[in-house]
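1. sequence plus predicted model, see below.
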Amino acid sequence: MSAAAKHCEPVHLLADLRELKLPAFAEHYSRVADEARRGHRTHADYLADLAHLEVTGRLERRIARRIKDARFPILKTLDAFDFNAQPEFDRSAVLELATGAYIDDRANAVLLGGVGTGKTHLAIALGIAACQQGRRVRFITAAELTTALVEAKAVDRLSRKLEYFARFELVILDELGYVPFDRAGADLLFSFVTRVYERRSLLVTTNLAFGRWSEVFQDATAAAAVIDRIVHHATVLQTGGESYRLKDAKRRGARRKEVAPN
Ligand code: ADP
Ligand code: MG
């Protein structure tokens, strides 16, 4: 390439790249061209390098968008989950869920355990893993979902709201059992579960053993129907033991005592 061509930006290039929605081409073409020239690489290699940068950038932006759309209350990862804190916990089942295969199968997952045992942490981490696979995920607490459905019904938009949630491949329903629903709320949650059953995946976290779900749904038949649909194709994992926060606080307390024994 002549010196003139090297320093002169091709006419319309940036505008055309913008029109074609190729931001990585626009950002990197000049630098990658210099590198290709220095490395005596072919035009095809140059084009391949730029195309790869574009694809990688697009993938990263899509993952970031999926994570934002999921509305996680906080970001947690599997790497940050201390599996040793619960030796009896089924780690391989969690890693299997992290592959997202259950979402392809339209199956569900239930994380069952006491307060502070890592249910929400794991649910978010599994949600992020699904986002990284490019899947559409939505995190919501059971109480928020019920309120959203009650409000939608009040303005005659229930089916639109159910449609909105059904767009996500995985809905994470956090904290089922913390707040009991009234009859109308329980009915709507039942409509939701029926709507997504075998079409979408649900990941439910709950502090209540199935035998006690009738307390939240205020009706044994409704509870049984919901459990039946959720558990029909589900991996059920029990997070056990003492609250991690409590254990962590005790550990820190013990360390402080070691440092200052008085
Ligand atoms: P739950 O939803 O079961 O009440 P959380 O997932 O909110 O509990 O956990 C409470 C806190 O303890 C969070 O900050 C979480 O990141 C942390 N935590 C719980 N279990 C673990 C664990 N095994 N490894 C690392 N952090 C944990
Ligand atoms: Mg929680």
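-> Good, I have the coordinates. Ligands and ions are numbered 1, 2, ... in the order given.
2. in the stretch 51-200 of the chain, which residue sits nearest ligand 1?
-> Taking C-beta to the nearest ligand atom as the measure, the stretch 51-200 of the chain has residue 118 as its residue closest to ligand 1, at 2.9 Å. C-betas here are computed from N, CA, C, even on glycine.
3. looks like that residue contacts residue 245 (just checking).
-> No - Residue 118 is not in contact with residue 245 according to C-beta atoms under 8 Å; the separation is 9.8 Å.
4. quick one, which of these two is more surrounded?
-> More crowded of residue 118 and residue 245, by other C-beta atoms under 10 Å: residue 118, with 24 against 12.
5. so who does the more buried one touch?
-> Counting by C-beta atoms under 8 Å, 6 or more residues apart in numbering, residue 118 touches 81, 85, 86, 239, 244.
6. kindly write the PyMOL command that selects the buried subset of those.
-> Buried residues within the contacts of residue 118, by 16 or more other C-beta atoms under 10 Å, are selected in PyMOL with:
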select buried, resi 81+86+239+244
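7. dump the contacts of residue 118 to a markdown table, plus secondary structure and pLDDT.
-> Output for the contacts of residue 118, formatted as a markdown table (DSSP: H, G, I helix; E, B strand; the rest coil; pLDDT from 0 to 100):
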| residue | secondary structure | pLDDT |
| --- | --- | --- |
| 81 | coil | 95 |
| 85 | helix | 86 |
| 86 | coil | 82 |
| 239 | strand | 90 |
| 244 | helix | 76 |
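8. next, count neighbours for the closest residue to residue 197 other than its chain neighbours.
-> Of all residues not flanking residue 197 in the chain, residue 229 sits nearest, at 4.5 Å (C-beta to C-beta, 6 or more residues apart in numbering). For residue 229, the count of nearby residues is 18 (other C-beta under 10 Å).
9. residue 196 versus residue 229, what's the distance?
-> With distances taken as C-beta to C-beta, to the nearest Å, residue 229 is found 9 Å from residue 196.
10. repeat for residue 55
-> 32 Å.
11. in the stretch 101-250 of the chain, where is pLDDT below threshold?
-> 249 (pLDDT under 70).
12. all helices of it, in order?
-> Assigned by DSSP state H, counting those that start in this stretch, the helices in the stretch 101-250 of the chain fall at 101-104, 119-132, 142-154, 158-166, 183-196, 213-217, 220-232, 244-259.
13. out of these, flag the one nearest residue 38.
-> Closest approach to residue 38 among these is made by helix 119-132 (34.7 Å; C-beta to C-beta).
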